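Visitor: Give the three-dimensional model of this entry:
(2 chains)
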Protein chains: 2
Amino acid sequence: MKAEIVAVGTELLLGQIVNTNAQYLAEQCAAIGIDVHYQTVVGDNVERIVSALSIAAGRADVVLCTGGLGPTLDDVTRDALGRYVGAELVMDAEGLRKIEAYFAARGAVMVESNRRQALTLAGADVLPNDTGMAVGTALRHEGKLYVLLPGPPRELKPMFERYARAWLRANMDGVQPLFSKSLKFAGIGESGLEHALLDLIERQEDPTIAPYAKEGEVLIRLTSRAATEAEAFAKMAGTEAEIRRRVGDHLYADEDVSLDAVIVRLLRERGATLAAAESCTGGMFADMATSHPGSSEAFLGGVVCYTNGAKRVLLSVPPELLEGENAPGAVSAETAAAMAEGARARLGATFAVSFTGVAGPSPSEGKPPGLVYMGVAEEGKPTETRELKLSGSREIVKLRACRAGFYELWKRLR
Amino acid sequence: MKAEIVAVGTELLLGQIVNTNAQYLAEQCAAIGIDVHYQTVVGDNVERIVSALSIAAGRADVVLCTGGLGPTLDDVTRDALGRYVGAELVMDAEGLRKIEAYFAARGAVMVESNRRQALTLAGADVLPNDTGMAVGTALRHEGKLYVLLPGPPRELKPMFERYARAWLRANMDGVQPLFSKSLKFAGIGESGLEHALLDLIERQEDPTIAPYAKEGEVLIRLTSRAATEAEAFAKMAGTEAEIRRRVGDHLYADEDVSLDAVIVRLLRERGATLAAAESCTGGMFADMATSHPGSSEAFLGGVVCYTNGAKRVLLSVPPELLEGENAPGAVSAETAAAMAEGARARLGATFAVSFTGVAGPSPSEGKPPGLVYMGVAEEGKPTETRELKLSGSREIVKLRACRAGFYELWKRLR
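Guide: Residues are numbered from 1 along each chain as shown, chains lettered A, B, ... in the order given. This next block holds a predicted model:
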């Protein structure tokens, strides 16, 4: 089953925004077993959209459009599809009621053009918009499937995941759809995971096992063809159990969630607190830890100490570690340990994590870029340190060091 | 003059990567006066690329392709264009010499397939690749322009900016190309800028004046049609002088560079140093300050103090400011001032900036999300504070507060 994604919007043609919707829909199609063969971007112009629809329907079975469903005069995607398939625009009563209720609740005057957002096509199924006003449209016409989705990602994604995906699966005549499940890993690289699961990956048939790497986090996607999600998950169960048996020590979630979000949740559940002492990561670890609502319940604070003076003053790192002929230096396991202990003691936290190293691009203290020492101090336990040899740009080295810190915490909190 | 952008790559169709190249090329085309009417994505398949080229040439004057110029068998974009226009593949001697030299310098064996990267088409102009191996191709054929560019952004952008742009401008028969100049502003919103420049914007003809806003930074792009860049800049000079006269107080750069990069450069030039005291921004300010190579010469360190205890212990904020019936509280100008002074004194920095506020999404201490107090302490000067009322998500509030901090520094450093 072949699909084409048609993104509508002049702002895309001007390069004012990046077409993340096409990437999202392409990934979603692949996940349910629909192959995307082309993507097109076209401006807010009825003739050109009709032309793009005609080319798309000529080479695909499914045409997924995004954008151009809003209230303004240049939102013409539904008009274009109506003209192309010869279907009339009709008002969706439920969609209109929701729009009217929205304005009534705010005591605001509803401009007539807002009614346009409840328009769909005669004979089509309506896809509700739970996070906005414009309804979606799903139409089967002469053996082809057409789906119209809104452009704003915060409307597009819920509409696809709650309504369009099921509609597509139900309309994939003669092809069983795919279902998939994500397993997230930390503290192990893509190649390490592949090595541990090589025989499973090599003899995979159904479910398939695909690893994806993203800057220090690895995701494994199990995918199976089945009539229903429950049936697919049942087919995956044996493989998942075997993966857990082999590399469960690194498996931190069975959904696509970040490790820092999991750590903040675990800390809150345990009533534990966290502090940070950052040299080379420059505040990135604290920034990640505080990027989740409610993180102030778990994250007490941190110190960014870019100089030896700052390490002494803010964290009481002993001067003899930092300076002198035989001193280990700022970039050392000893200093990492002292930093973590200093931060934990000063802030009274359950845990403190420290980073000191060379973010790059140049060496420092004669030490190479990517060399990072990490310390983890925990109440009532001896402080531990790790030596990390990281590669990548300055930003990537910072990010990988932070992820390694969250992984150390996860091993203690799980 | 109409263009179509054709991005080639199966990883785009699978949604594994976002098509940032299309956004980049669309923006670049707009900047030189070429209108993009369609964008297409197609996989690594000769027949489908030929079909996409045929459709593109049927509706555009310029076809810009990106991707599929590498050494592997599925890199077939140049083969597809050769087949479509009926031109033979020919080896670019200079490109081949560079590839051979690369392998020789590393003592590595050059696999035969690497020669493919020096292939271009008979009758085409070669676009050198200064940051990679695959040469680009620029071809005029039956009145249409075809440009083949590499897929990796770090190869695409230099090739476009150094070679393809000039080639396109030189081949825009009968149309004068556009040239533009970016002015970057801080401490003023898009609407404030528009208000100050309204009469200029309303009577604009050549140069045109277009404001763009991006999370706390505003860019104004002046654009002019001319035969050469020097001629275009001469046409802009009067308008630029008038803009500087009106809002020069907010103009921090005449190129598209971030304010934090400018601050790190200014601090280094002056031999001045910076410290940070962050509550609601959670380390983001330090992370931004340390994201530039060489920032360790200017940024001494910072403190992330998410709790009252951390503010007291790490920054000596007096307890009577934080707790008690008549205390101003953690989110107050008084606390912001004490935080900035504490950080400056502890670290011995020339400047310290502090942030305390409510990042959201929920209120805190009965204060609304988006309320942020900022303090700026400077050696030998009285400490100043600002009250900010910011809107947006948690991440946006953090980012806007940080940008406001860099703006205060810029006012003192310029």
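
Visitor: going forward, measure contacts and count neighbours with C-alpha atoms only.
Guide: Fine.

Visitor: Which residues of the stretch 101-250 of chain A lie near chain B?
Guide: Selection of the stretch 101-250 of chain A residues close to chain B by C-alpha under 8 Å from any C-alpha of the partner chain yields an empty set.

Visitor: Could you look up the next helix or strand downstream of the helix or strand of chain A at the bottom of the mean pLDDT ranking?
Guide: Of the helices and strands making up chain A, the lowest-confidence element is strand A:208-214, at a mean of 81, by mean pLDDT, DSSP states H and E. Using DSSP states H and E, the next helix or strand after strand A:208-214 towards the C-terminus is strand A:217-225.

Visitor: How far off centre is that next one?
Guide: Distance of strand A:217-225 from the chain centroid (C-alpha atoms, centre = their mean, to the nearest Å) equals 14 Å.

Visitor: pLDDT of the helix or strand just after that strand, averaged?
Guide: Downstream of strand A:217-225, the first helix or strand assigned by DSSP H and E is helix A:229-247. Averaged across helix A:229-247, the pLDDT comes to 95.

Visitor: what does stretch A:316-324 give?
Guide: Stretch A:316-324 comes out at a mean pLDDT of 93.

Visitor: try stretch A:159-177
Guide: Mean predicted confidence for stretch A:159-177 is 92.

Visitor: Please write out the alpha-carbon positions of it in PDB.
Guide: What follows is stretch A:159-177, C-alpha atoms only, in PDB (Å, rounded to 0.1, in the frame of the first residue of the first chain):
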ATOM      1  CA  MET A 159      -6.000  13.700  15.500                       C
ATOM      2  CA  PHE A 160      -3.800  11.200  13.800                       C
ATOM      3  CA  GLU A 161      -3.100   9.000  16.900                       C
ATOM      4  CA  ARG A 162      -6.700   9.000  18.100                       C
ATOM      5  CA  TYR A 163      -8.700   8.800  14.900                       C
ATOM      6  CA  ALA A 164      -6.800   8.800  11.600                       C
ATOM      7  CA  ARG A 165      -4.600   5.900  12.400                       C
ATOM      8  CA  ALA A 166      -7.500   3.600  13.300                       C
ATOM      9  CA  TRP A 167      -9.400   4.800  10.100                       C
ATOM     10  CA  LEU A 168      -6.400   3.900   7.900                       C
ATOM     11  CA  ARG A 169      -5.900   0.500   9.500                       C
ATOM     12  CA  ALA A 170      -9.600  -0.300   9.100                       C
ATOM     13  CA  ASN A 171      -9.400   0.800   5.400                       C
ATOM     14  CA  MET A 172      -6.200  -1.100   4.400                       C
ATOM     15  CA  ASP A 173      -8.100  -3.600   2.200                       C
ATOM     16  CA  GLY A 174      -6.400  -7.000   2.000                       C
ATOM     17  CA  VAL A 175      -3.300  -5.800   3.900                       C
ATOM     18  CA  GLN A 176      -2.800  -6.500   7.600                       C
ATOM     19  CA  PRO A 177      -1.700  -3.300   9.400                       C
END
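
Visitor: what pairs with the closest residue to chain B within the stretch 101-250 of chain A across the strands?
Guide: Closest residue of the stretch 101-250 of chain A to chain B, C-alpha to the nearest C-alpha: A:Tyr212 (9.3 Å). Beta bridges link A:Tyr212 to A:Leu219 when assigned by DSSP bridges.

Visitor: how many neighbours does it have?
Guide: 12 (other C-alpha atoms under 10 Å in any protein chain shown).

Visitor: Which positions in the least confident helix or strand of chain A come out as buried?
Guide: A:Thr208, A:Ile209, A:Pro211 (16 or more other C-alpha atoms under 10 Å in any protein chain shown).
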